[in-house]
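1. Following is a predicted model, sequence given first.
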Amino acid sequence: MTERVDAVVVGAGHNGLVAANLLADAGWDVLVCEAADAPGGAVRSAEITAPGFVSDLASAFHPLGAASPVLRELDLGAHGLVWRHAPAVLAHPTADGHCAVLHRRLDDTAAALDADHPGDGDAWRALVAQWDRVAADLLDAALRPFPPVRPTARLLRRLGAGDALRLARMLAQPVTAMAREHFGGRSAPLLLAGNALHTDLGPDSAASAAYGWLLAMLGQRVGFPVPAGGAGSLTGALVARLADRGGRVQCGRPVRTVLVDGGRARGVVDADGARVLARRAVLADVDAPRLYRDLVGEAHLPARFVADLARFEWDHSTVKVDWALDGPVPWTAPGARSAGTVHVGADVDGLRRYAADLTAGRLPGTPFLLFGQMTTADPDRSPPGTESAWAYTHVPRGLGWGRDDVLRWADRMQQVVEEHAPGFGSRVRARAVAGPADLQNRDGNLVDGAITAGTCAVHQQLVFRPVPGLGRADTPVPGLFLAGASAHPGGAVHGGPGANAARAALAASGATGPLYRAVVGLAHRALHA
């Protein structure tokens with residue numbers, strides 16, 4: 001059986017769905033093939049602990065999603081997406097009873113930081129003012145196709161050369177150095193360093209300041225919101241929008257091969273041998289190694305590109321635990337009780353040790369946890385008076401753990417929570433534990449539990465993601481576009497890779513398509529000869 005469409009999208013993760021929506025907006029006939037039995041990839045939710053308790057299967061809170069110009073332009077609110085917020089954005093308690101809190105109101109955050117160290121509130125206000133000055137252009141530069149000529153030009157006009165260089169210097173710093181230059185107390189460095197560790201970068205890693213500052217400023221200005229009813233509501237809005245424009249999503253239809261004929265991607269073959277021919281483009285919301293090695297095949301790729309792909313570096317593995325709780329988490333620190341997100345298990349020095357252990361391939365002595373209180377943020381997640389909660393932590397890759405190993409580590413994670421919330425265990429009605437292999441089984445792109453589709457380190461960002469090249473969605477195979485988080489601008493729920501792939505496909509098929517294809521082809525030949 002052979003089907004013909006304008007574009008076939010491999011994978012119905014949020015990036016694949018963003019790409020499909022943008023192509024459908026342009027009038028293309030689009031088919032999305034998804035291997036799993038439901039769309040969403042890492043942006044799904046289900047009752048996996050106890051009846052009535054909704055858990056997000058991977059991604060949970062979405063500051064970049066709320067701020068993303070890509071998602072904003074899709075107007076997902078018109079298709080059912082509603083954002084909800086906890087009373088406080090983020091808390092970071094420490095073992096000695098200290099607790100840093102990022103409040104939703106800037107005045108409240110600044111007052112709390114001043115109480116910790118006089119002057120830190122004004123320093124925080126200065127960082128927020130800096131963010132307000134550059135946020136729109138910076139997000140455009142970060143999420144749009146590379147090179148971001150227009151937003152970068154606007155930034156330079158707005159800042160001038162001197163301030164632009166100072167901003168670049170700050171973003172290139174380790175987050176510990178950046179915090180030391182701005183603050184004298186404990187709380188602000190905790191907020192910045194904890195946010196940096198949402199990536200696989202340690203607090204002393206180059207460019208960790210970029211992630212710590214970005215997430216902290218997003219938290220201050222847009223919060224850490226969650227989709228009402230579960231992360232799957234975001235996926236549902238993307239699917240509904242696509243359907244309104246005539247696009248289709250077929251779940252339970254894994255793709256086995258990208259058809260390459262005459263040096264060009266022509267379509268795909270699914271697991272049953274059925275062919276989908278694409279008149280214009282194939283877009284893949286698939287991790288880069290799997291796309292190029294398994295779906296395309298190295299025989300269709302330049303030898304230098306294949307050699308570069310062998311150096312692709314994954315981020316750390318992940319263990320995630322979801323809990324159904326009979327009541328709120330009994331945090332010792334009052335500031336943690338109203339926060340949607342809690343960083344648990346380490347002060348800044350503890351974060352250093354945790355990161356060093358992971359870098360050395362050791363199990364951390366004390367795991368650092370990202371903890372979510374989902375009912376605190378969204379009352380629809382569990383029955384009244386209860387809490388749907390989760391935590392994840394990173395572990396070294398390649399452990400080859402069996403189920404018993406994963407459960408023992410989940411017990412260790414629960415022990416860390418208990419140390420900060422005595423009595424936590426007594427409130428656990430049920431739990432669900434997912435190790436690295438379980439996360440990969442849920443979403444094939446979470447390879448060995450890697451949640452950002454490749455390291456966030458500077459050597460694999462921009463023109464180095466996924467391999468040294470153009471930093472664009474275009475691949476060495478004409479007609480094939482990388483739409484997943486292995487492509488620039490990387491992981492998190494913001495839709496950037498999917499949108500960039502759609503724009504590249506549209507450019508390659510537009511009025512100036514022959515010129516575009518010639519320039520891209522020439523660049524690939526020069527880079528990978």
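-> Noted; the coordinates are in hand. Numbers count the residues shown, from 1 in each chain.
2. Strands of the stretch 401-529 of the chain, residue ranges please.
-> 428-434, 480-482 (DSSP state E, counting those that start in this stretch).
3. Return the most buried member of those.
-> strand 480-482 (a mean of 28; mean count of other Cβ atoms under 10 Å). (C-beta placed from N, C-alpha, C; glycine too.)
4. circling back: which of the strands of the stretch 401-529 of the chain sits closest to Ala265?
-> Closest to Ala265 of these is strand 480-482 (Cβ to Cβ; 3.8 Å).
5. And the contacts of that closest one?
-> 19, 258, 260, 265, 281-284, 286, 288, 291, 296, 466, 473-475, 497, 501-502, 504-505 (Cβ atoms under 8 Å, 6 or more residues apart in numbering).
6. Please name the nearest non-neighbouring residue to Ala42.
-> Leaving aside its chain neighbours, Ala42 sits nearest to Ala58 (3.6 Å; criterion: Cβ to Cβ, 6 or more residues apart in numbering).
7. Pro302 now?
-> Per Cβ to Cβ, 6+ apart, closest to Pro302 is His528, 4.0 Å.
8. what about that neighbour, how many residues close to it?
-> As a burial measure, His528 scores 18 neighbours (other Cβ atoms under 10 Å).
9. repeat for Arg125
-> Neighbour count for Arg125, taken as other Cβ under 10 Å: 16.
10. Which SSE is immediately downstream of the helix or strand in which it is found?
-> If you go by DSSP states H and E, Arg125 is part of helix 120-143. Next helix or strand after helix 120-143 toward the C-terminus (DSSP H and E): helix 149-172.
11. What would that next one look like as PDB? C-alpha coordinates only.
-> Taking C-alpha atoms only, helix 149-172 is exported to PDB below (Å, rounded to 0.1, in the frame of the first residue of the first chain):
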ATOM      1  CA  VAL A 149      20.300  37.500  12.200                       C
ATOM      2  CA  ARG A 150      17.400  39.800  12.800                       C
ATOM      3  CA  PRO A 151      16.900  39.200  16.600                       C
ATOM      4  CA  THR A 152      20.700  39.500  17.100                       C
ATOM      5  CA  ALA A 153      20.800  42.800  15.200                       C
ATOM      6  CA  ARG A 154      17.900  44.100  17.400                       C
ATOM      7  CA  LEU A 155      19.800  43.000  20.500                       C
ATOM      8  CA  LEU A 156      22.900  44.800  19.400                       C
ATOM      9  CA  ARG A 157      20.900  48.000  18.600                       C
ATOM     10  CA  ARG A 158      19.200  47.800  22.000                       C
ATOM     11  CA  LEU A 159      22.200  47.100  24.100                       C
ATOM     12  CA  GLY A 160      25.200  48.500  22.200                       C
ATOM     13  CA  ALA A 161      28.400  46.600  21.700                       C
ATOM     14  CA  GLY A 162      29.600  47.000  25.300                       C
ATOM     15  CA  ASP A 163      26.500  45.800  27.100                       C
ATOM     16  CA  ALA A 164      26.100  43.000  24.500                       C
ATOM     17  CA  LEU A 165      29.600  41.700  25.300                       C
ATOM     18  CA  ARG A 166      28.900  42.000  29.100                       C
ATOM     19  CA  LEU A 167      25.700  39.900  28.600                       C
ATOM     20  CA  ALA A 168      27.600  37.300  26.600                       C
ATOM     21  CA  ARG A 169      30.300  37.100  29.200                       C
ATOM     22  CA  MET A 170      27.700  36.600  32.000                       C
ATOM     23  CA  LEU A 171      26.000  33.800  30.000                       C
ATOM     24  CA  ALA A 172      29.300  32.000  29.300                       C
END
